[in-house]
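Enquirer: sequence? don't have it. structure:
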Ligand SMILES: Nc1ncnc2c1ncn2[C@@H]1O[C@H](COP(=O)(O)OP(=O)(O)OP(=O)(O)O)[C@@H](O)[C@H]1O
Ligand SMILES: Nc1ncnc2c1ncn2[C@@H]1O[C@H](COP(=O)(O)OP(=O)(O)OP(=O)(O)O)[C@@H](O)[C@H]1O
Ligand SMILES: [Mg+2]
Ligand SMILES: [Mg+2]
């Protein structure tokens, strides 16, 4: 469970978050949507206290993050995974090492680490790029490493900042499948910031719409479920031509 | 006109582009689509020779880029704008300066520079953030600065690498409108790499589908035209609830 | 003010002045020549826009040669050159010549290193705009590396002050030399300690100023 | 081999050995103490994970004090300390003490500066994982800053060699001191030039090695 | 200093007689003090003595040979001759001023006989002073040296060292600091003075004035006969200087004129 109580945040003059109250239930997949610059990322970053609110309280899994000692906070963060909008990979670590590091930090049983890393990289379809460095990856591949890293240590809460922004529909559907799966099977609470309506619609139970630092509305929806689509270039051609275009120019 | 003739590119062992032939006509809006890691960005980066092909030739606006002197190449690049997947903004320049710098480089008439910068920033809805630095911007705002920068000096060719990946549907529609407009009114040739089917469908005349470094197919389509949508949070709520969800949770 | 300082007031002020002259000229040399040399060291590297193994090797060797000279011997070696340039090889002005040469070699390495930290994407953006080398340097590289430049210069200036203390050899004077001559050689320990305090304050001010400026211009 | 070198072969080898001892110990000190000090200078800064104005000011002041001492006077000042630690204040071993202290102060600044270049996002990623300070340092900061560390150490080692030439003062010996005493003071210019050539080769090798390693481990 | 400044100014502006500037390179007290003492007197004779204090014992000769200075005052004749030999220079002695009475000092021991086997003796590390230090010990039969093979005695010339003394070479500037560290130190009185040590009362061995090592005013062959240099030499050998040395440097700097 995540609870934001009267959270406000300003950057110098600019008030990015204005007195927000929001409760996200245990096991929910919660969407946050809104225009660019509305404050979605900033709000999300409050949920693991990467952003310290000027005012208000943040509670996650029954712990008031805002009043924990730094040691307790560190402990609490180990069960809160985060996928960053700009990935924030370690440029000097390989794909494998980028994922493995989160297991080292959380004292994941040593013997199982390797398997877990490989498993997570399989989830995101990067099992063949273990030894590549971020600079050698495409945009979408980087994003997928970020996702694998956040999943690796089986967090109870997963904060996702536009996790599929650089991904093609197929990969997006696969990733959403993985998220839904860990939500269903392990009861992980997931918060997804996204501007892709389909993403939000297909897996969220509830969606918060933000506008200029405030919550405009919170909507309960029935996820349409993810359509795992044909993973081949034929799909694109079909999609493109079905709208009335002419094949083979 | 852009012409790739038998272009191949390898990164150490890995062959990212495999003998590609592609011709993009003057005034076309050409889409490139494909799975993550298919080689879209790499292909696009050949069109201004940011990536130098191991083999093959690149021709833009009648000039063989691959056989120009470095001075001529520099000149040629001035009329080829590029929007980067990862923005590549100058972190120590303000929003205004990031856009202005491209005018300084191309010797855009001095008197008109300021107006042009403001105009471009208006196109992307950032006229109120002139003095902010990239670190103070949201993901979508950064992307929009990148777009404004590429548009500023009125290029004849515009290469866009996932230009709307971090933008909400409203902003995306606006940006696409701008692109379509400069294409129509100034005859700018535009190449858009994107994984968002709607984006491609709504403005492209022709689409290349890539798979594993090769062109799978090139499809001629009829752009559906951009739907400029209601620019308010109400839109999201409507979209979310219209699928059968329940309002006001 | 302690009596001792009053007694030596003129000499102390003179030596502070000498230090300022020597370090000031070194700073100028570091900026006017060290910065360009460091920039070329970076630009001529493999994979950079001016890639040029030959120029790189030459510059690299020159910088290394200067940096490998025992400082005292460099000073001595440069005497004919100094005499040629300034007509004399002794005194404060003459001392600025070897100091400046060291300053150039020293700072150019730090400049090179700062430029290596500029994200590749920014350089690519510049190239894609058709920026000339000059534009790449001034409108992109220097803008992104500027806080590193300032920190590097801060570190360098402090080194220059330290180097200047050896310039007594050719009569360069300066606070450090004053401290050595009066304080150390003549066992006026108290005077020496005052001089060191002056130097510590000076260095502390420079560091504070450098850190503050570098933080102010770092918008990353 | 030139006759002169044959004649002085033993002395030359001895002095090369002395330089290696002095510089080697300084390198160890720079890594074992300078690296942590630089790391704390960074971590205790405003806005960083261990933000602590007090510790920062103390470390900053200490480093500045060491760096503001005229090197010769630092050597002298440290004599009682050196004697305490090693039982003697003269000779090569004794010379390593002041050299190491300078090395620590010098390298810690370069470490601090390299750490300032680590992208904030990477540190945030570490924090969000609940990484301990230790993990942040070793698994993130040092990994991202490592090529800067190597370049900084390269620059520093070359400075250490240069500093070591002054250690003749306390009988430290070394190639530089040999060049000064035999070459300069006894006017054996040819011998001096050979010594300088040896130093240039040494420095050139170190620079080459440092640059290569730093490029190899830089995957950015 | 200010009074002298004024004096100099006055000279340049008011005196019809042309003012000659004489540049002199020197190192440390009492050399600098002697020059400070004679400076006002020379000013009266329209000689502006410009004192350049250098920090190294090669540069004063280099500067003199290069005509950057007119005279220097820091060395003894053997050292000057060695410089001439190696640099094709034509430096010539003008007049000896004082003997820096080289001596052996010890913090712990009161006589040379008390010095134990293998005692560490600190000596300066430049060749001419190594030569001089060894010669001092040989003069008092502490060691025996073989016939000189080059211009200087070196440690290799020691043929007998009955008590196996160890010689530790350190920089001139460090010698005084070695007083605490070594069993004995051989140094000039200029370096011993700040420790409160004088050759007369504290030295175990001294050189006396029966030697070639008088600190000498040195000029070049081409200017040694200059009128102004002669006046300088005269001033430096005046009774005032003798009195000054006697008062402040008794037994430490023994007048050599
Ligand atoms: N410098 C490099 N070194 C090694 N491999 C590279 C390098 N740059 C790209 N690649 C590889 O080339 C392939 C194509 O990369 P590219 O960036 O063109 O993909 P993309 O189609 O743009 O994917 P995305 O949609 O994820 O951005 C990827 O598999 C990537 O790992
Ligand atoms: N460090 C900062 N300093 C100043 N302003 C900031 C800072 N960080 C964010 N902002 C401002 O706060 C607002 C909200 O930013 P945030 O990143 O939360 O937006 P967002 O909703 O995630 O947008 P996007 O969809 O574009 O990523 C933006 O207007 C941004 O300019
Ligand atoms: Mg955001
Ligand atoms: Mg891409």
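Expert: Looks like it came in fine. Note that the structure is predicted; figures quoted are calculated from it, not measured. Numbers count the residues shown, from 1 in each chain, chains lettered A, B, ... in the order given. Ligands and ions are numbered 1, 2, ... in the order given.

Enquirer: so the most centrally placed residue in chain C, which of the three states?
Expert: Nearest to the mean C-alpha position of chain C, by Cα atoms, centre = their mean, lies residue C:103 at 3.7 Å. Secondary structure state of residue C:103, per DSSP: H, G, I helix; E, B strand; the rest coil, is helix.

Enquirer: Residue A:237 too?
Expert: Of the three states, residue A:237 takes helix under three-state DSSP.

Enquirer: if I look at it, how far off is residue B:28?
Expert: 18 Å (Cβ to Cβ, to the nearest Å). In this view, the C-beta of every residue, glycine as well, is placed from N, C-alpha and C.

Enquirer: Now do the strands in chain E.
Expert: With strands called from DSSP state E, chain E shows them at E:20-26, E:47-53, E:71-76, E:91-100, E:103-105, E:120-124, E:144-145, E:158-160, E:166-170, E:184-187, E:205-206, E:214-220, E:253-255.

Enquirer: That should have said chain A, apologies.
Expert: Per DSSP E, chain A carries strands over the ranges A:2-11, A:14-24, A:29-34, A:55-60, A:63-64, A:80-83, A:157-161, A:189-193, A:206-211, A:214-220.

Enquirer: State the helix or strand in which the closest residue to residue C:136 other than its chain neighbours lies.
Expert: Nearest residue to residue C:136 in three dimensions, chain neighbours excluded: residue C:126, at 4.7 Å (Cβ to Cβ, 6 or more residues apart in numbering or on different chains). Residue C:126 belongs to helix C:120-128 when assigned by DSSP states H and E.

Enquirer: quick check: mean pLDDT across whichever helix or strand comes after that helix?
Expert: Beyond helix C:120-128 on the C-terminal side, the first helix or strand identified by DSSP H and E is helix C:133-135. On average, the pLDDT along helix C:133-135 is 95.

Enquirer: From ligand 2, how far out is the residue in the stretch 101-250 of chain E that ligand 1 sits nearest to?
Expert: Nearest residue of the stretch 101-250 of chain E to ligand 1 (Cβ to the nearest ligand atom) works out as residue E:171 at 55.4 Å. Distance of residue E:171 to ligand 2, computed by Cβ to the nearest ligand atom, to the nearest Å: 56 Å.

Enquirer: List, one by one, the residues from chain A near ligand 3.
Expert: A:41, A:85 (Cβ under 5 Å from the ion).

Enquirer: residues in contact with the residue nearest to residue C:136?
Expert: B:105, C:135, C:136, C:139, C:140 (Cβ atoms under 8 Å, 6 or more residues apart in numbering or on different chains).

Enquirer: follow-up on the earlier one: which residue is the nearest non-sequential neighbour of the residue nearest to the centre of chain C?
Expert: residue C:26 (3.8 Å).

Enquirer: and chain C, which of its residues are near chain B?
Expert: C:119, C:121-122, C:124-132, C:135, C:139-140, C:143-144, C:146-147, C:217-220 (Cβ under 8 Å from any Cβ of the partner chain).

Enquirer: For chain E, which residue gets nearest to chain A?
Expert: Nearest residue of chain E to chain A: residue E:171, at 45.6 Å (Cβ to the nearest Cβ).

Enquirer: typo on my end, it should be chain C
Expert: Residue of chain C nearest chain A, by Cβ to the nearest Cβ: residue C:120 (7.8 Å).

Enquirer: Now do the contacts for that residue.
Expert: Applying Cβ under 8 Å, 6+ apart, we find residue C:120 in contact with A:135, D:220.

Enquirer: Chain E versus that one, what's the distance?
Expert: Using Cβ to the nearest Cβ, to the nearest Å, residue C:120 is found at 48 Å from chain E.

Enquirer: Just the pLDDT for that residue.
Expert: Looking at residue C:120, its pLDDT is 94.

Enquirer: pLDDT weak spots in chain E?
Expert: E:1-17, E:173 (pLDDT under 70).

Enquirer: just the helices in it please.
Expert: E:2-14, E:31-44, E:59-65, E:77-87, E:127-139, E:189-192, E:199-202, E:227-236, E:239-248 (DSSP state H).

Enquirer: Contact partners for the residue lying closest to residue E:208 once chain neighbours are set aside?
Expert: Computed as Cβ to Cβ, 6+ apart, the closest residue to residue E:208 that is not its neighbour in sequence is residue E:101, at 6.9 Å. Residue E:101 makes contact with E:188, E:189, E:199, E:203, E:206, E:207, E:208, E:209, E:251, E:252, E:253, E:254, according to Cβ under 8 Å, 6+ apart.

Enquirer: beta partners for the last one?
Expert: Per DSSP bridges, residues listed as beta-bridge partners of residue E:254: residue E:99.

Enquirer: how near is it to residue C:218?
Expert: From residue E:254 to residue C:218 the distance is 65 Å (Cβ to Cβ).

Enquirer: Could you tell me how many residues sit around the residue of chain C found nearest ligand 4?
Expert: Here chain C gets closest to ligand 4 at one residue, residue C:121, 12.8 Å apart by Cβ to the ion. Taking other Cβ atoms under 10 Å in any protein chain shown as the criterion, the count of residues near residue C:121 is 15.

Enquirer: So which residues of chain A form helices?
Expert: Going by DSSP H, chain A shows helices at A:40-46, A:70-77, A:95-105, A:110-123, A:139-152, A:169-186, A:197-203, A:233-242.

Enquirer: residues touching the residue with the shortest distance to the centre of chain A, list them.
Expert: The centre of chain A sits closest to residue A:160, judged by Cα atoms, centre = their mean, with a distance of 1.5 Å. Contact partners of residue A:160, counting by Cβ under 8 Å, 6+ apart, are A:82, A:83, A:147, A:150, A:179, A:190, A:191, A:192, A:193, A:194.

Enquirer: what's the closest non-adjacent residue to the residue of the stretch 151-257 of chain E found nearest chain C?
Expert: In the stretch 151-257 of chain E, the residue that lies nearest chain C is residue E:194 (3.3 Å; Cβ to the nearest Cβ). Spatial nearest neighbour of residue E:194, excluding adjacent residues (Cβ to Cβ, 6+ apart): residue C:187 at 3.3 Å.

Enquirer: Under a three-state scheme, what state does the one you found occupy?
Expert: Taking three-state DSSP, the label given to residue C:187 is coil.

Enquirer: Pull the number of nearby residues for it.
Expert: Residue C:187 has 17 nearby residues by other Cβ under 10 Å.

Enquirer: Now do the contacts for it.
Expert: By Cβ under 8 Å, 6+ apart, the contact list for residue C:187 reads E:176, E:194, E:195.

Enquirer: re the thing from before, against chain D, how distant is the residue nearest to residue E:208?
Expert: For residue E:101, the distance to chain D - Cβ to the nearest Cβ - is 23 Å.

Enquirer: what do you get for residue C:201?
Expert: 8 Å.

Enquirer: quick one: pLDDT of that residue?
Expert: 93.

Enquirer: Number of residues surrounding it?
Expert: Counted with other Cβ under 10 Å, the neighbours of residue C:201 add up to 12.

Enquirer: Now name the helix or strand holding it.
Expert: Secondary structure from DSSP H and E places residue C:201 in helix C:189-216.

Enquirer: Who are the packing partners of that helix?
Expert: Contacting helix C:189-216 under the criterion 3 or more Cβ pairs under 8 Å, 6 or more residues apart in numbering or on different chains; DSSP states H and E are the following elements: helix C:3-7, helix C:9-29, helix C:142-164, helix C:175-178, helix D:53-68.

Enquirer: what does chain E have sitting close to chain A?
Expert: Counting by Cβ under 8 Å from any Cβ, chain E has no residue next to chain A.
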